[in-house]
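# pasted the sequence and its predicted model underneath.
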Amino acid sequence: MAHNHFDAFAPSQLLIDLGAIQRNYQRLRQELGTVDCAAVVKANGYGLGATRVVETLMEVGAKNFFFAHLAEALEVRDNIPTGSFYVFNGLGPKEETTYLDHNITPVLNDLGQLKHWNDFAEQQGTPLHAALNIDTGMSRLGLCQTEVQQLIADPEEFKKLCDPLILSHLCSADDIDSPSNVAQLAEFRQVTARLPKARLSFANSSGTFRGKEYHFDLGRPGVALYGVNPTPETTNPMEPVVTVRCRVLQTRTIPSNRSVGYGCTYVSDKETRVATIAIGYADGYLRVRGRRSSVVINGKKADIIGRVSMDTVTVDVSDFSEEEVHTGSYVSVIDAVHDVDRQAREVGTIGYEVLTNLGRRYARVYQEPN
């Protein structure tokens with residue numbers, strides 16, 4: 001196991017299996033068939049380190065990468081000069097030169113951005129590549145229905161783009177029965193059929209598994225690359241990527257009727273052995289987890305008791321020996337069994353939040369592909 005960046009004094013470790021990310025990408029490519037497969041690496045590669053993720057995926061043939069913000073793409077571009085980088089959040093004021101100088105492509109989200117980009121291209125004396133986002137139901141980013149009709153009626157600005165990519169985003173692809181999937185697909189087909197020919201991108205992680213009609217020319221999986229289940233209705237086709245291990249800072253035995261943690265929300269009903277673990281909401285282990293979650297010690301569950309603190313949680317380890325749990329030993333917070341999706345279900349959230357909340361204090365340990 002290679003340690004790219006490892007602080008020997010960090011009390012918690014985030015182990016990242018780069019080989020699993022590659023295999024997940026290859027599984028998604030298999031599902032897409034002959035369709036090209038991009039990779040969404042926004043939010044610092046979903047918390048795992050965008051530069052390492054991009055490098056790892058390029059080794060297995062990935063060429064197109066999507067970021068949320070221009071700053072994210074620039075940070076990776078400083079380390080990786082090749083590959084096609086796209087930025088979802090569009091063209092901001094006076095950003096044209098930065099996009100061009102760093103070979104980064106904006107996803108244009110309204111007709112004003114399209115006009116600005118083409119005016120800039122005219123100043124450069126050459127058409128420029130861009131992606132155009134069409135809103136088909138998310139109502140978040142992209143050309144609204146009124147702007148879409150304006151563009152259909154007068155597509156001249158669109159025709160000025162070099163090798164344009166049109167994309168849209170599914171609202172409910174993780175819900176196989178949602179009628180919005182079919183409705184969005186129909187709208188995307190109707191709109192793109194009335195615009196000049198372009199490459200098309202529609203499927204996110206879950207959309208990749210909704211059938212060939214959703215695939216078009218470029219798939220854009222994101223969270224599935226990092227092990228989150230894109231098909232909640234069935235077994236996860238992805239491999240787990242992350243393991244979180246945290247050190248035991250101290251153990252103690254408390255008597256019956258003794259409180260634990262802020263607010264005295266837990267009071268022991270018998271003599272209880274308590275371990276204090278080095279993880280808290282400053283590490284993305286949310287306060288709402290108190291008494292809803294557990295850790296794993298030697299394959300067995302140990303329940304959290306009391307509230308999650310900023311830097312620590314307390315765990316009932318009465319059923320474990322001193323040899324199993326002692327100051328300096330490690331417990332597993334996330335692993336292949338107690339995985340990201342299970343963590344999310346315990347507190348009523350989604351795997352995205354679990355991953356992207358993993359804080360900066362973890363020693364990130366990268367396991368290189370075999």
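Everything's here; your move.
# burial count for residue 336?
Applying other CB atoms under 10 Å, we find 14 residues neighbouring residue 336. Heads up, the C-betas are built off the backbone N, CA and C, glycines and all.
# might you report the residue contacts of the nearest residue to it once chain neighbours are set aside?
In space, and not counting its chain neighbours, residue 336 is closest to residue 240: 4.6 Å by CB to CB, 6 or more residues apart in numbering. Going by CB atoms under 8 Å, 6 or more residues apart in numbering, residue 240 touches 17, 20, 227, 335, 336, 339, 340.
# these in strands, which ones?
Counting by DSSP state E, the contacts of residue 240 place residue 17 in strands.
# can you flag the buried ones in the contacts of residue 240?
Using 16 or more other CB atoms under 10 Å as the burial test, the contacts of residue 240 include 17, 20, 227, 335, 339, 340 as buried.
# for the residue nearest to the last one when sequence neighbours are not counted, phi and psi?
Taking CB to CB, 6+ apart, and ignoring the residues beside it in sequence, residue 340 has residue 351 as its nearest neighbour in space, at 4.5 Å. Geometry field for residue 351 lists phi and psi as phi -60, psi -30, criterion degrees, to the nearest 10.
# also residue 64?
Torsion angles, degrees, to the nearest 10, at residue 64: phi -120, psi 130.
# how many neighbours does it have?
20.
# pLDDT value on it, please?
Residue 64 carries a pLDDT value of 98.
# show me what counts as buried in stretch 204-221.
Those would be 204-210, 214-216, 218-221, for stretch 204-221 by 16+ other CB under 10 Å.
# which of those residues fall in helices?
Of the buried residues of stretch 204-221, none are assigned to helices by DSSP state H.
# possible to save these as CSV with pLDDT and distance to residue 111?
Listed next are the buried residues of stretch 204-221 as CSV, based on pLDDT from 0 to 100; distance: CB to CB, whole Å:
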residue, pLDDT, distance to residue 111
204, 97, 25
205, 97, 29
206, 96, 30
207, 96, 26
208, 97, 30
209, 96, 33
210, 94, 30
214, 97, 26
215, 97, 28
216, 97, 23
218, 98, 23
219, 98, 27
220, 97, 23
221, 98, 29
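# return the member of the residues you listed nearest to residue 279.
Proximity of these to residue 279 (CB to CB) peaks at residue 205, which lies at 27.1 Å.
# returning to what we had before: want to throw the contacts of residue 240 into TSV with pLDDT and distance to residue 360?
Shown next, in TSV, are these (pLDDT from 0 to 100; distance: CB to CB, whole Å):
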residue	pLDDT	distance to residue 360
17	97	20
20	98	22
227	97	21
335	91	21
336	88	24
339	92	22
340	93	18
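# so which other helices or strands are in contact with the helix or strand hosting residue 275?
Element membership for residue 275, per DSSP states H and E: strand 272-277. Using 3 or more CB pairs under 8 Å, 6 or more residues apart in numbering; DSSP states H and E, the elements in contact with strand 272-277 are strand 242-254, strand 300-305, strand 313-316, strand 330-334.
# swap the cut-off to 10 Å and go again
Helices and strands touching strand 272-277, by 3 or more CB pairs under 10 Å, 6 or more residues apart in numbering; DSSP states H and E, are strand 242-254, strand 259-260, strand 294-297, strand 300-305, strand 313-316, strand 330-334.
# show me the shaky parts of the protein.
For the chain, the stretches with pLDDT under 70 are 1-8.
# grab the most central residue of it for me.
residue 46 (3.4 Å; CA atoms, centre = their mean).
# for it, which residues are in contact?
40, 53, 222-223, 225-228, 241-242, 340, 351-352, 354-356, 358 (CB atoms under 10 Å, 6 or more residues apart in numbering).
# of these, which belong to helices?
Those of these lying in helices (DSSP H): 53, 340, 351, 352, 354, 355, 356.
# just the helices in this protein please.
Under DSSP H, the chain gives helices at 18-32, 42-46, 50-58, 70-77, 96-101, 111-124, 145-153, 156-159, 179-193, 340-346, 351-356.
# give me the neighbour count for residue 124.
Around residue 124 there are 11 residues (other CB under 10 Å).
# sorry, wrong one. I was asking about residue 74.
17.
# hang on, the earlier thing: distance to residue 369 for the helices of the chain - can I get that in CSV?
Below are the helices of the chain laid out as CSV (distance: least, CB to CB, whole Å):
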stretch, distance to residue 369
helix 18-32, 4
helix 42-46, 16
helix 50-58, 7
helix 70-77, 19
helix 96-101, 32
helix 111-124, 38
helix 145-153, 43
helix 156-159, 41
helix 179-193, 34
helix 340-346, 20
helix 351-356, 20
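# who wins for proximity to residue 138 among these?
Closest to residue 138 of the helices of the chain is helix 179-193 (CB to CB; 8.3 Å).
# ok, now which ones touch the closest residue to residue 198 other than its chain neighbours?
In space, and not counting its chain neighbours, residue 198 is closest to residue 164: 4.3 Å by CB to CB, 6+ apart. By CB under 10 Å, 6+ apart, residue 164 lies in contact with 108, 114, 127, 129-132, 158, 195-200.
# now for those residues, which pair is the farthest apart?
Going by CB to CB, the pair spanning the contacts of residue 164 furthest: 127 and 200, at 19.2 Å.
# the more surrounded of the two?
When residue 127 and residue 200 are compared on other CB under 10 Å, the one with more neighbours turns out to be residue 200, at 19 against 15.
# the more buried one pairs with what?
residue 166 (DSSP bridges).
# surely it and residue 133 touch.
No - in terms of CB atoms under 10 Å, residue 200 does not count as a neighbour of residue 133; the distance is 11.9 Å.
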